[in-house]
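# Fold the stuff below for me.
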Amino acid sequence: MKLSAFALDYDGTIAQHGQFDAEVRQAIGEVRRRGIVVALVTGRRLADLRQATSDLACFDVIVGENGAVLEFPASGRHTLLSHPPPAAFLDALRARGVAFAVGESVVEAAADAAPQLLDAIRALELPLTLAFNRGRAMVLPPAVAKSTGLRQALAALRVSLHNTIGIGDAENDHDLLDVCEAGAAVEWGSPALCAVADDVIRGTPVRAVADYLRRVAR
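Sure thing, here's the model as predicted:
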C-alpha cells in the first residue's frame, strides 16, 4: 500500500484524559511534512474538542460527532453532513430526567442512560440510532458513522481510503478501521477492537502512537 493518509481517533488514541499528547502532535507535523494527510476522526463535538485543545491546525480535516460534521482548519470550511436532532426527542429526554449534551447532530449521554434513550426513540418512532464510545452513548441519524464522514473528508482532499491507515481504541472505531485499507488498534483500548485490527500498537499510552506514525511513514 502507498500510504497517503492517517485517520486518527482522539480520546484514548492520541489523547489521555482529554489532553492531546505533545509527542503525538509533533509526530503528526512530521508525517504531514512528508505529504501525508492526517484526519482527526472523533465522536466529540467540535466545541468540546476546542475546549480540550485550542490548536486543531495540525490536522488536514476534522471529522466530528462520529461522522456528522466536517471541518477543514486551513480554510475554515465547515460542513454538517446530517441534520439536527428533533426537538421532540430532546424534550422527551428532559421529561425522563436524562442528562445530555447536544451537538450539531449528535445527542450524547452517559452509556447507562441507553434504556431511556431507546425508550424515547421508540416512543416517538424516530429514525435514530444508538452508538457507544466506552462510557458514553451517542444518538445519531441513520447511516452516520466515522466511516461515512471520513469517506467524504478524504474525497474532498482527493485521497483514497485504499491509501489510508485508521487508528482507534474503542467500539465506535470498528467501522473506521473497516473502511480504511489497514486498521490499527491501541493495545490499551478495547480488546474486541484489537482482535479484529490488522495491527496492534503496543507500548506506553499514548506515546506509542507517535512512534507508530513515524515508523509507518518512513
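
# Tell me how far the residue located most distally from the centre of the chain lies from residue 139.
For the chain, the largest distance from the centre (Cα atoms, centre = their mean) belongs to residue 95, which lies 29.6 Å off. Distance of residue 95 to residue 139, given as Cβ to Cβ, to the nearest Å: 16 Å. Quick note: C-beta positions are derived from backbone N, CA and C, even for glycine.

# Which positions within stretch 56-76 qualify as buried?
Using 16 or more other Cβ atoms under 10 Å as the test for burial, stretch 56-76 gives 56, 58-72.

# and the two most separated of those residues?
58 and 68 (22.0 Å; Cβ to Cβ).

# quick one, what contacts the most centrally placed residue in the chain?
The structure's the chain has its C-alpha centroid closest to residue 42; by Cα atoms, centre = their mean the separation is 1.9 Å. Listed by Cβ atoms under 8 Å, 6 or more residues apart in numbering, the contact partners of residue 42 are 9, 10, 11, 49, 62, 63, 64, 66.

# Could you check the pLDDT of it?
In this model, residue 42 is scored at 98, pLDDT.

# Likewise for residue 144?
pLDDT, read off for residue 144, is 97.

# Next up, phi/psi of it, please.
With angles defined as degrees, to the nearest 10, residue 144 sits at phi -100, psi 120.

# Next: residue 168.
Dihedral angles for residue 168 - degrees, to the nearest 10 - are phi -150, psi -180.

# That one: what's it in contact with?
Contacts of residue 168 (Cβ under 8 Å, 6+ apart): 8, 9, 13, 41, 176, 177, 183, 185, 186, 189, 193.

# number of nearby residues for the second one?
Residues lying near residue 9 (other Cβ atoms under 10 Å) number 29.

# who touches it in this structure?
With Cβ under 8 Å, 6+ apart, residue 9 has these contacts: 41, 42, 146, 167, 168, 169, 170, 173, 176.

# all strands for this protein, in order.
With strands called from DSSP state E, the chain shows them at 5-8, 15-16, 19-20, 37-41, 61-64, 69-72, 77-80, 100-102, 107-110, 129-133, 136-140, 164-168, 182-186, 199-201.

# Tell me which of those approaches residue 120 most closely.
Among those, strand 136-140 sits nearest to residue 120 (Cβ to Cβ), with 8.8 Å.

# Walk me through which strands the closest one pairs with, and which way each runs.
Taking DSSP bridges as the criterion, strand 136-140 sits next to strand 107-110 (antiparallel), strand 129-133 (antiparallel) in its sheet.

# can you list contacts of that strand?
Here strand 136-140 makes contact (Cβ under 8 Å, 6+ apart) with 43, 65-68, 82, 85, 89, 105-111, 113-114, 117, 121, 128-132, 172.

# Is it possible to mark the buried ones in those?
By neighbour count, with 16+ other Cβ under 10 Å, those hold 43, 65-68, 82, 85, 89, 105-109, 113, 117, 121, 128, 131, 172 as buried.

# What is the neighbour count of the closest residue to residue 20 other than its chain neighbours?
Distances taken as Cβ to Cβ, 6 or more residues apart in numbering put residue 53 closest to residue 20, at 4.3 Å, once the chain neighbours are dropped. For residue 53, the neighbour count with other Cβ under 10 Å is 16.
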